[in-house]
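Participant: sequence and predicted structure are below.
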Amino acid sequence: MNISPKDPSTNNKLNELLATRILSLGDDKKFDATMDEIFCEMVKNSIFLCPFESDDFEYSSESGLAPSSNITFGAIHDDDTNLTYTVVFSDLEKLKTWKSYDDKKRNFLEIGFMEYYDLIKNTDQIAGFILNPYLDHVLITKDYMKELYEREIDDSSSMNSSHIVESIKQYALGHEDISKIWFDDTYDLDIIIDSKQENHLSSIKSIAKAFSNPETKVTVKRYNDLEEKDAIKTHTLIYKKKFKLF
């Protein structure tokens with residue numbers, strides 16, 4: 001998550017697919033295939049720009065939003081269905097079409113699909129989200145978000161990775177100083193935790209080894225110790241400390 005970045009993501013590949021979607025109208029097979037690509041790109045590679053309103057929040061590059069922060073995401077209410085959808089955008093130019101966006105305040109944050117779903121999944125007021133409303137208007141219900149989320153978790157899991165992930169998440173819930181955890185099992189196991197405390201490294205490593213094969217190499221690192229922060233791009237975010245949204 002990144003608050004009001006100076007150089008926000010542009011999601012060029014996603015925007016190309018959205019344009020292809022329009023060109024494929026009338027060809028059901030091509031349209032469905034393009035939508036599958038769009039959903040895949042959104043989950044695996046896209047960084048959404050999310051407008052928000054708040055008069056009271058604390059943010060730092062090390063810890064992200066403080067648990068006491070109270071922000072409200074931009075949303076659209078459908079009077080016909082009485083459902084509310086949050087809104088996200090694929091680049092800054094499209095974000096500027098949002099009625100409440102203020103270019104001086106830069107009241108938006110960057111967030112990936114997996115982390116975004118974690119934030120809204122337990123919020124009864126939200127039925128899903130709309131990507132680029134008034135433009136591309138791709139609506140995704142929370143039920144389908146859950147399906148995409150779980151599919152991505154399953155795709156990134158091998159061995160007994162699901163047990164490892166759940167056990168690590170349960171460990172993190174008991175330690176307030178852990179903000180985020182990223183997980184990658186493409187080859188061996190590589191786990192990155194966002195915490196100022198080093199004592200969690202050995203504990204999480206022990207959890208991972210308990211559910212993995214003896215020959216599997218397990219590496220656990222702190223986010224702040226990474227020489228290149230882009231290293232987490234190959235990882236899946238499996239844990240994010242909650243904060244108050246509404």
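Facilitator: Structure received. Numbering: from 1, shown residues only.

Participant: isn't Lys196 up against Glu176?
Facilitator: No - counting by Cβ atoms under 8 Å, Lys196 stays clear of Glu176, with 11.4 Å between them. No exception for glycine: its C-beta is placed from N, CA and C like everyone else's.

Participant: ok, these two, which is more surrounded?
Facilitator: Neighbour count, other Cβ atoms under 10 Å: between Lys196 and Glu176, Lys196 has more, with 13 against 10.

Participant: which ones are touching the closest residue to that one other than its chain neighbours?
Facilitator: Nearest in space to Lys196, with sequence neighbours left out and distances taken as Cβ to Cβ, 6 or more residues apart in numbering, is Asp177 at 6.3 Å. Counting by Cβ atoms under 8 Å, 6 or more residues apart in numbering, Asp177 touches 195-197.

Participant: what distance do you get for Asp177 to Glu166?
Facilitator: Computed as Cβ to Cβ, to the nearest Å, the Asp177 to Glu166 distance reads 20 Å.

Participant: list the buried residues in the longest helix along the chain.
Facilitator: When the chain is parsed with DSSP state H, its longest helix is helix 28-44. By neighbour count on 16 or more other Cβ atoms under 10 Å, the buried set for helix 28-44 is 31, 34, 37-39, 41-43.

Participant: give me the angle between the longest strand that the chain contains and helix 28-44.
Facilitator: In the chain, taking DSSP state E as the definition, the longest strand is strand 47-56. Here strand 47-56 points in a direction 50 degrees away from that of helix 28-44 (axes from the mean of the first three to the mean of the last three Cα atoms, to 10 degrees).

Participant: distance of His200 from His235?
Facilitator: 17 Å.

Participant: my guess is the residue nearest to Lys196 is in a strand, correct?
Facilitator: No - using DSSP: H, G, I helix; E, B strand; the rest coil, the assignment for Asp177 is coil, not a strand.
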